[in-house]
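Student: below: sequence and its predicted model.
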Amino acid sequence: MARYRREEEQQLHLTMNQPQSNHDPNEIVVFEDSDHDHFRIPALIFIKEKEKKTFLAFAEKRTAKNGKSNDENAKNLVMRKGTLQGNSLKWSDCKELETTKQKNYRTMNPCPVLLTVGDKNTLFLFFIRIKGEIKEADLRPGETRLCYVTSKDCGETWSLPKDLTDIVKVHGIRLSKYQTFAVGPGHGIAAERGENSKSMRLLIPAYVRSKCTICNHQHALVFYSDDEGKSWQAGKPLSEGSGECQVAEVRDNKAKKLYFNARTTSQNRIEALSDDTGGSFTKLQSLSPLETPNGCQGSVLSFPASELHTGDQGTMLLFSHPTKGKKWERSDLGIYLREFLQGAWGEPYIIHHGKSGYSDLAPCEEEARFACLMECGEPAHPGIVFKQFLLSEITNPAQIDMHDPAQNPSVPIQCSPNPAHTSNKKVHCLCFLLIILFLIVLVLIVLLYVILQKQLNLCSLAANRTLESD
């Protein structure tokens, strides 16, 4: 593993052959929006082959309509390759992936995972295909497909796609029977199957959704392979409602485990832990930062705690997610740091100021730095940008604006309540009061009915006696 401390004094002065952000020279616009095309849903992976070091960046290409695009406007996946050459990072032209296309379907949610066996790399790129321009809420079983392609030459060429929709089962039910599902988005991982195991398990974060007459049930899980991608299975879904997610391999003082972080529509994200490498998960008491009102995708990455604390056998976690904004819009993408099972997340280091959204983290291990591929909405270069950062930028206060409470943990942050959460609570309280009121009225009606029935019986009895006396 890389020694992340060894470049603390170095700066990231990489020569980039791409447009730079208008306010941060280290932000490189990798996928730039135009009047006709928008790019969303980033995924990033780092590959080392001998002395060659490469970042592969993926995204959805969408058709822009009236300056906007949504899920229904997605078309296909695109890729760019960033090759490290000394102190420079050279990016290839944007390439549309032909083998992920299918007529009358839109291709979405790139989720790459790398399998290394000896000195050979195989890159798996998972994605979903959705029929036409049908909205997610209106999808019917069979209109979403789970597919993947592979590359053995670092993304230069890709295999024909393989469709797993009618093969993989969740709770014994084929994916084609669920209303819809998705993978990632963002990277998957390869993790050791056990403490002493040399075999690797490929893990693809995902969620499935089933629909009944009055509601939707959505639960996160992982798809996994124990035979180098020849066959795939599904782990047990998390019981709590959850969606877009990522996983990371962690270690406590006893053994390696799988950490799970998922999007929700509640106040905090869901965190869970797996002792069987993704077969099942147990929910943890969430220490995650607050969600945005409707939730937002976030990325998680792990590295050894010994890189910060000599002799520590634990794991450090990085997490990227929007931190704040007017009325809690997605804004100011932050990088959070936390030692696994050692308290809450620290205050965020703001890697991008302004509008932001989805993101994906990747380690550049030999270079002792990390990278983030992220959505941003600045007017000059909206789209998806790439930025590298050192761990010392998060841990070293000298490199942080000490007057900015979002970056300096010693400055207290005055947090206002999330209006969406407050609104939700008011709605729940109102519904509860209406139910109570309805029950009270129902009881009164029943009592009134009983009283009236009794009075009628008494009147009838009195009338009968009168007739008998006559």
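Tutor: Cool, got the structure. Numbering: from 1, shown residues only.
Student: the closest residue to Leu139 other than its chain neighbours: what's it in contact with?
Tutor: Distances taken as Cβ to Cβ, 6 or more residues apart in numbering put Thr180 closest to Leu139, at 4.5 Å, once the chain neighbours are dropped. No exception for glycine: its C-beta is placed from N, CA and C like everyone else's. Applying Cβ atoms under 8 Å, 6 or more residues apart in numbering, we find Thr180 in contact with 130, 136, 139, 143-144, 208-209.
Student: quick one: Gly343 from Arg201, how far?
Tutor: Distance, Gly343 to Arg201, using Cβ to Cβ, to the nearest Å: 29 Å.
Student: between the two, who's got more neighbours?
Tutor: With neighbours defined as other Cβ atoms under 10 Å, Gly343 and Arg201 compare such that Arg201 has more, 22 against 8.
Student: in contact with the more buried one, which residues?
Tutor: 190-193, 224-226, 277-278.
Student: and those residues, which two are the farthest apart?
Tutor: Glu192 and Ser225 (13.9 Å; Cβ to Cβ).
Student: would you map the strands across the stretch 201-350 of the chain?
Tutor: Under the criterion DSSP state E, counting those that start in this stretch, the stretch 201-350 of the chain carries strands at the ranges 216-225, 233-234, 245-251, 256-262, 270-274, 282-283, 299-304, 315-324, 331-339, 349-364.
Student: columns distance to Val168, mean pLDDT and mean neighbour count on top of these, output as a markdown table?
Tutor: Formatted as a markdown table, those follow (distance: least, Cβ to Cβ, whole Å; pLDDT from 0 to 100; neighbours: other Cβ atoms under 10 Å):
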| stretch | distance to Val168 | mean pLDDT | mean neighbour count |
| --- | --- | --- | --- |
| strand 216-225 | 6 | 90 | 22 |
| strand 233-234 | 5 | 96 | 20 |
| strand 245-251 | 17 | 93 | 24 |
| strand 256-262 | 19 | 91 | 24 |
| strand 270-274 | 18 | 90 | 20 |
| strand 282-283 | 23 | 88 | 14 |
| strand 299-304 | 23 | 91 | 22 |
| strand 315-324 | 28 | 89 | 24 |
| strand 331-339 | 32 | 89 | 21 |
| strand 349-364 | 23 | 92 | 23 |
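Student: among these, which comes closest to Asn457?
Tutor: strand 216-225 (49.5 Å).
Student: partner strands of that closest one and their direction?
Tutor: Within its sheet, strand 216-225 is paired with strand 200-211 (antiparallel), strand 233-234 (antiparallel), according to DSSP bridges.
Student: so the longest one versus strand 256-262, what angle?
Tutor: Pointing back at strand 200-211 there. 30 degrees (axes from the mean of the first three to the mean of the last three Cα atoms, to 10 degrees).
Student: run the chain-centre distance for strand 200-211.
Tutor: Its chain's C-alpha centre and that of strand 200-211 lie 12 Å apart, by Cα atoms, centre = their mean, to the nearest Å.
Student: quick one on the thing from earlier: please pick the buried ones from the contacts of Thr180.
Tutor: Buried positions within those, assessed by neighbour count (16 or more other Cβ atoms under 10 Å), are 130, 139, 143-144, 208-209.
Student: would you map out the domains in the protein?
Tutor: The record assigns the chain these domain ranges, following automatic domain parsing: 4-416, 418-470.
Student: thanks a lot, see you next time.
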